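From the sequence below, what's the structure:
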Amino acid sequence: MTARLRAVSATRRPRKNHGDGSTGTLGDLVYADNAKTRVSEKDWVVLIQSISRGDQLALHALYERTHRIVFTLIMRIARNRETAEELTLDVFHDVWRRAPSYGAAGGTVVGWIMNQARSRAIDRLRFENRKKRVNPQLDDPLRATIASDSTESLDLKERGRDLQEALTLLTPDERAAIETAFFSELTYAEVAARLNKPLGTIKTRIRSGLAKLRQALAAEVKES
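Alright, predicted model coming up:
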């Protein structure tokens, strides 16, 4: 199924007429097929029902009618054509997997697809922003410290449970400083202002707290 979509995508790449990747209005994109025929919601639902039964031709038909609006939305969020093309395929792979769970109560078929596209794009954007935050070359001293001190230990998504347990080892002041810095994405100076503490005190608390976290999480890695 994915190979088929990739083959179709290679020959039917979305056209880009505007700087943001758009090709016109939503209606223009949905109904800009050769026949200029509007698709009723009933027909959209029939396509999804066919896909839920494993009909790859139905998926192909849905892709042909909607891939441009999916691409356009992702492009507007991600601002990267390669990413938009990749995520567009991912969206239709999700449609293939999730078609059996579609229900009219969740909105129109096109709206359902677009919600998936939006979620995919936002997730990728957040992922890229997280990568930037842990880049040790960043100029911000706090983020550089967090990145260099926690390359393998402060990945909240993958090590959330271990991190929460490790945080209990910190003093309340250390925990407040680290949580304010990391979760609010603040610099040392901003953390000091937020907590109304001297800058040197905040630096000391963050460094001591990070040292404890490294030690605790390193022990978890050895035991796993």
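
Show me which residues of stretch 171-191 are buried.
D173, E174, R175, A176, A177, I178, T180, A181, F182, L186, Y188, V191 (16 or more other CB atoms under 10 Å). For the C-beta atoms, the positions are set from N, CA and C on the backbone; glycine is no exception.

and if you look at stretch 69-87?
Buried, per 16+ other CB under 10 Å, within stretch 69-87: 69-75, 77-78, 80, 83-87.

Go through the buried residues of stretch 171-191 and name the one nearest K42.
Nearest to K42 out of these is F182 (CB to CB; 49.5 Å).

what pLDDT does that closest one get?
Looking at F182, its pLDDT stands at 71.

Can you say which helix or strand has it in it?
helix 172-184 (DSSP states H and E).

Are there helices or strands packed against that helix, and which ones?
Using 3 or more CB pairs under 8 Å, 6 or more residues apart in numbering; DSSP states H and E as the contact test, the elements touching helix 172-184 are helix 141-149, helix 160-167, helix 188-195, helix 199-223.

which regions of this protein sit below the pLDDT cut-off?
1-37, 132-166, 183-185, 217-224 (pLDDT under 70).

domains in it, as residue ranges please.
2-132, 141-223 (automatic domain parsing).

Keeping just the C-alphas, turn whichever strand or helix holds R65 into CSV.
When elements are assigned from DSSP H and E, R65 belongs to helix 56-78. Provided in CSV are the C-alpha atoms of helix 56-78 (Å, rounded to 0.1, in the frame of the first residue of the first chain):
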residue,chain,number,x,y,z
GLN,A,56,-6.4,-0.2,-2.3
LEU,A,57,-8.1,1.3,-5.3
ALA,A,58,-10.4,3.3,-3.0
LEU,A,59,-7.3,4.6,-1.2
HIS,A,60,-5.8,5.6,-4.5
ALA,A,61,-9.0,7.4,-5.4
LEU,A,62,-9.1,9.2,-2.1
TYR,A,63,-5.5,10.1,-2.4
GLU,A,64,-6.0,11.5,-5.9
ARG,A,65,-8.8,13.8,-4.7
THR,A,66,-7.3,15.0,-1.5
HIS,A,67,-3.5,14.8,-1.5
ARG,A,68,-3.1,18.4,-2.6
ILE,A,69,-5.1,19.9,0.3
VAL,A,70,-3.2,17.6,2.7
PHE,A,71,0.1,18.7,1.2
THR,A,72,-0.9,22.4,1.3
LEU,A,73,-1.9,22.3,4.9
ILE,A,74,1.3,20.5,6.0
MET,A,75,3.4,22.9,3.9
ARG,A,76,1.9,25.9,5.6
ILE,A,77,2.7,24.5,9.0
ALA,A,78,6.1,22.8,8.3
